[in-house]
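1. kindly return the folded structure for what I paste below:
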Amino acid sequence: MRWDSLFDDLEGQLEQELRAEELDEHAEEERLRIGRLSVRDRLQAIHDGARHDGADHDGAQHDRDRAVRVILNSGEHVTVRPLSFGRDWLTAQLLGETRRAAQCVLPLAAISSLVLTRAQVELSLAPGSAQPPAESTLASRLTLPFVLRDLCRRRAPIDVRTALGDVHGTIDRVGRDHLDLATHGSDRPRRESAVIDYRTIPLHQVLLVRL
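-> The predicted model follows:
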């Protein structure tokens, strides 16, 4: 009986050690997974997680879960509802603006911090919720200059937000690290006679582009 008790004790200790080792491995894997997450990953996870949860909740709750408060590098607070993601930017509906349903391009480098709810924190960290973008997804490979060049090609009137405020105009050209904006009144199309001045704006100064 003594030998039986000894073997039972040894078996119990071994099982405990194995469980502890498995827990340590899982904790280390989780630390490594979280250590690989980027701000883009976490915003994408909030977007995807809220979209999936929307099947079980009302539309208003879905929209609230997807709306994210962002503090820009200027210290300004904006609330956005992400729509799509590029490599270093996202498009979003800009909430709380005077102009209804305004959309914007938000460079990820312009984000100072995110103000998240507890539910959004959990969504952003959930295992499997933020996967690296598929290489076959075109938008996920496009950089900010490419998107701005498309706006330039379309001759789209935009508001470019910098730390000094918004300036309205039309992009004339986009360089590697800057854009040229012909400024004009928001009530007038881009014509030489309507241009007030020409501004060369470094891309790292661009906080937000409102469409």
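
2. which residue, other than its chain neighbours, is closest to Glu30?
-> Nearest non-adjacent residue to Glu30, counting by Cβ to Cβ, 6 or more residues apart in numbering: Pro127, 7.8 Å away. C-betas here are computed from N, CA, C, even on glycine.

3. what pLDDT does that neighbour get?
-> Looking at Pro127, its pLDDT reads 84.

4. kindly report the same for Ser186.
-> 93.

5. so who does Ser113 touch?
-> Ser113 sits next to Val70, Ile71 when contact means Cβ atoms under 8 Å, 6 or more residues apart in numbering.

6. following the worst-scoring helix or strand of the chain on mean pLDDT, which helix or strand shows up next?
-> Ranked by mean pLDDT, DSSP states H and E, the weakest helix or strand in the chain is helix 59-66, scoring a mean of 65. Following helix 59-66 in sequence order, the next helix or strand is strand 68-72 (DSSP states H and E).

7. now do that following strand, average pLDDT.
-> pLDDT averaged over strand 68-72 gives 98.

8. how about that strand: buried residues?
-> For strand 68-72, a neighbour-count test (16 or more other Cβ atoms under 10 Å) marks Val68, Arg69, Val70, Leu72 as buried.

9. need those residues in JSON lines (columns: distance to His204).
-> Converted to JSON lines, these look like this (distance: Cβ to Cβ, whole Å):
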{"residue": "Val68", "distance to His204": "22"}
{"residue": "Arg69", "distance to His204": "23"}
{"residue": "Val70", "distance to His204": "17"}
{"residue": "Leu72", "distance to His204": "13"}
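
10. what about stretch 197-211, average pLDDT?
-> Mean predicted confidence for stretch 197-211 is 97.

11. buried stuff in it?
-> Quick answer for stretch 197-211 (16+ other Cβ under 10 Å): Arg199, Ile201, Leu203, Gln205, Val206, Leu207, Leu208, Val209, Arg210.

12. between those residues, which sits nearest Asp88?
-> Leu203 (9.8 Å; Cβ to Cβ).

13. how close does the closest one sit to Asp180?
-> From Leu203 across to Asp180, the span is 12 Å (Cβ to Cβ, to the nearest Å).
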